[in-house]
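>>> Fold the following, please.
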Amino acid sequence: MNSPERTLDVGCGINKTPGAIGIDRNESSRADVLCELDHFPYPFRDGSFSSLRAVHVIEHVSDVLRTMEEFHRLLASGGHALIVTPHYTDFSSFCDPTHRWHLNSFSLRYFGEDHAGFGYYSRCRFREISTRVRLLAFWRYLGCELLVNRFPRFRRFWEHYLCFLVRGKFITWELEKLGE
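A predicted model of the protein is given here:
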């Protein structure tokens, strides 16, 4: 059975992706479906979407693990998720009082194929298609962003030792659902 070609825009706000089904808790948003994003399950069947977008949402939810499991449930086999969040070294990560989580580029590794050795947290699995970090403009213009994104070992070094000096702006993950 082929997966449906539908996109779910989680926490769509007023900038809902054209053609997507938008969900949000805010009545002032352009959501097609109003629902509390911390209450599960969302009002859709398993495997209802071929893609899912959660742009500046994951940092607001009460339970990242449960939210990722819900994203996994909603995606069809092989479906893609796009998740964007502020990097924890960016000012915007802490200036919004509704942010509950401050993430780095390795924060979703628990959902990876090797689950970073912590497979007991969740059984849902995603394959990392890409992880990209956007740096503050000064560092981007100096070429640091290219190094961080091109070389995974350098990204790890940057996250461990340099990120409070060479500050991140936001992280974009592209993930593919694994398993059923």
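>>> What residues of the longest helix seen in the chain count as buried?
For the chain, the helix that runs over the most residues, judged by DSSP state H, is helix 64-74. By 16 or more other Cβ atoms under 10 Å, the buried positions in helix 64-74 come out as 64, 67, 68, 69, 70, 71, 72, 73, 74. The C-beta positions use only the backbone N, C-alpha and C, and glycine is treated the same way.
>>> any idea of the mean pLDDT in that helix?
Averaging pLDDT along helix 64-74 gives 97.
>>> Can I get it in CSV, CA atoms only?
Written as CSV, here are the backbone C-alpha positions of helix 64-74 (Å, rounded to 0.1, in the frame of the first residue of the first chain):
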residue,chain,number,x,y,z
VAL,A,64,10.0,15.4,23.8
LEU,A,65,10.1,11.6,23.9
ARG,A,66,6.4,11.2,23.7
THR,A,67,6.1,13.9,21.0
MET,A,68,8.7,12.1,18.8
GLU,A,69,6.8,8.8,19.4
GLU,A,70,3.6,10.5,18.2
PHE,A,71,5.4,11.9,15.1
HIS,A,72,6.6,8.3,14.4
ARG,A,73,3.0,7.0,14.8
LEU,A,74,1.6,9.6,12.4
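>>> can you give me the offset of that helix from its chain's centre?
The chain centre lies 11 Å from the centre of helix 64-74; the measure is Cα atoms, centre = their mean, to the nearest Å.
>>> lowest-confidence helix or strand of the protein?
Using mean pLDDT, DSSP states H and E, helix 91-95 stands out as the lowest-scoring helix or strand of the chain, at a mean of 92.
>>> residues contacting the residue lying closest to residue 67 once chain neighbours are set aside?
Nearest residue to residue 67 in three dimensions, chain neighbours excluded: residue 61, at 4.6 Å (Cβ to Cβ, 6 or more residues apart in numbering). The contact partners of residue 61, by Cβ atoms under 8 Å, 6 or more residues apart in numbering, come to 37, 38, 67, 100, 101.
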